[in-house]
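Student: how does the following fold in three dimensions:
(one chain, ligands or ions: 2)
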Amino acid sequence: MLPPNVKSRSVVHFRVGSGTLGFMVEMIAARGLARRFKTKAGLVDAVRGIDLTVGAGEIVGLLGPNGAGKTTTLRMLATLLTPSAGTAIVAGNDLRKSRAVRRNIGYVAQVGGLPSPGTVLGEELLTQARLHGMSRPDAEASVLDIAGRLDLAGLRKRALVELSGGQRRRFDIALGLLHSPRLLFLDEPTTGLDPQSRANLWQHIRELRDDHGVTVLLTTHYLEEADALSDRVMVMDDGRIIADDKPDALKARVSGDVITIGVPQPDVAARSEAAVREAAAVRHFTVTDTALIVTVEDGTTALPPLLRVLESAGVRPASIAVTRPTLDDVFLSLTGRSLREGDQ
Ligand SMILES: Nc1ncnc2c1ncn2[C@@H]1O[C@H](COP(=O)(O)OP(=O)(O)OP(=O)(O)O)[C@@H](O)[C@H]1O
Ligand SMILES: [Mg+2]
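Tutor: Residues are numbered from 1 along each chain as shown. Ligands and ions are numbered 1, 2, ... in the order given. As a prediction, the model looks like this:
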């Protein structure tokens with residue numbers, strides 16, 4: 001699989017589809033990246049000196065409320081905005097070498113304005129491919145390939161104004177992929193889409209990574225999106241990255257899983273507390289009139305021994321539920337505020 005000249009695993013080149021994709025361990029490495037805006041109302045520190053790393057082949061979600069600094073971060077990394085401070089290597093090139101960076105990245109902006117009425121999907125893709133400097137046959141091949149990947153092949157003769165929200169977003173992503181970038185920035189790829197179109201777009205984004213090796217850094221303020229789509233989530237608030245880990249690891253840090261066991265005899269359940277505590281590493285133990293509520297680190301492994309001690313104590317559960325903390329609990333524990341408030 002590896003070409004003979006590749007000795008270390010730090011840089012691995014191989015061919016996927018029609019383009020050669022270079023894989024590095026780090027696709028983005030930013031240090032102390034900051035951006036301050038001067039406005040009439042005064043200075044705004046949109047991004048306050050962040051360190052950020054994205055590995056090749058990762059899908060990383062930048063999650064945060066409105067105004068957290070997500071778009072500003074993405075625009076700096078995509079060379080569209082000059083940082084006030086800090087440095088970054090993006091797709092193997094220093095951010096200051098913007099042309100070299102741009103050759104290797106695609107950028108899909110937050111939802112913008114309406115397209116002009118006469119613009120036809122296939123023609124627009126072709127025009128944009130030609131603007132990337134491709135010959136006509138190369139541009140046609142690239143458009144065919146990318147339209148196929150994003151399920152747009154049957155829509156090439158459609159006017160952009162006639163597309164549904166989900167189709168339009170897939171077209172936006174197709175535009176960002178025409179020059180076969182190794183790294184794709186997606187700013188709120190699914191905002192405003194219905195749940196089905198959102199799930200469909202997630203699938204396409206996963207395929208870009210799984211089948212074509214594209215690294216993806218996306219922003220979102222949808223908790224479900226960060227959770228379902230990202231290998232790793234960076235939580236951003238007020239210009240800072242306040243947490244950075246796999247979604248499950250972030251959730252595990254917060255409060256553990258909650259096991260709720262419906263019980264007809266709460267007095268018996270209360271008497272079994274000592275046995276329950278012995279059976280599982282219990283963080284909290286509460287008995288209500290109808291249920292035994294136990295917080296443990298991992299509900300799936302704690303449940304079987306817990307049920308065994310309850311059975312020995314003569315407690316017959318009427319119902320059992322294991323609830324895991326959400327990314328909202330993570331945000332709440334970090335900031336004291338809920339992300340849900342800004343999540344529509
Ligand atoms: N060009 C600009 N001039 C002045 N202030 C700006 C500019 N761009 C962004 N800001 C400010 O910087 C802060 C961060 O904005 P940014 O767009 O990065 O947030 P965001 O996390 O993308 O939010 P959203 O979820 O609403 O898209 C905000 O306070 C915003 O008002
Ligand atoms: Mg934004």
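
Student: could you count how many residues lie near the closest residue to ligand 1 within the stretch 201-344 of the chain?
Tutor: Here the residue of the stretch 201-344 of the chain nearest ligand 1 is His221; by Cβ to the nearest ligand atom that distance is 5.3 Å. For every residue, glycine as well, the C-beta is placed using N, CA and C. Applying other Cβ atoms under 10 Å, we find 21 other residues in the vicinity of His221.

Student: surely it touches Leu62?
Tutor: No. The criterion here is Cβ atoms under 8 Å, and His221 misses it with Leu62 at 9.7 Å.

Student: gap between the two ends of stretch 64-84?
Tutor: For stretch 64-84, the first-to-last residue distance is 21 Å (Cα to Cα, to the nearest Å).

Student: so where does the residue at minimal distance from the centre of the chain fall, helix or strand?
Tutor: Centroid-nearest residue in the chain: Gly61, 2.6 Å away (criterion: Cα atoms, centre = their mean). Following DSSP states H and E, one finds Gly61 within strand 59-63.

Student: same check, this time on Val233
Tutor: Going by DSSP H and E, Val233 is part of strand 232-237.

Student: tell me if that strand is near ligand 2.
Tutor: No. Strand 232-237 does not reach ligand 2 (Cβ under 5 Å from the ion); its nearest approach is 10.3 Å.

Student: what residue in this protein comes nearest to ligand 2?
Tutor: In the chain, the residue that lies nearest ligand 2 is Thr71 (3.1 Å; Cβ to the ion).

Student: what's the nearest residue to that residue if we skip its chain neighbours?
Tutor: Asp187 (5.6 Å; Cβ to Cβ, 6 or more residues apart in numbering).

Student: do you know how far the one you found is from ligand 1?
Tutor: In this structure, Asp187 and ligand 1 are 7 Å apart, going by Cβ to the nearest ligand atom, to the nearest Å.

Student: do I have it right that that residue meets Leu74?
Tutor: Yes. At 5.4 Å, Asp187 counts as touching Leu74 under the criterion of Cβ under 8 Å.

Student: which non-adjacent residue is nearest Pro317?
Tutor: Closest to Pro317 by Cβ to Cβ, 6+ apart is Ile261, at 4.8 Å.

Student: and the helix or strand hosting Val276, what does it pack onto?
Tutor: Assigned by DSSP H and E, Val276 belongs to helix 273-279. On a contact count with 3 or more Cβ pairs under 8 Å, 6 or more residues apart in numbering; DSSP states H and E, helix 273-279 meets strand 282-287, helix 299-312.

Student: pull out the buried positions in the first one.
Tutor: This points to strand 282-287. 282, 285, 287 (16 or more other Cβ atoms under 10 Å).

Student: got the confidence number for the first one?
Tutor: Think Val282. Note for Val282: predicted pLDDT of 86.
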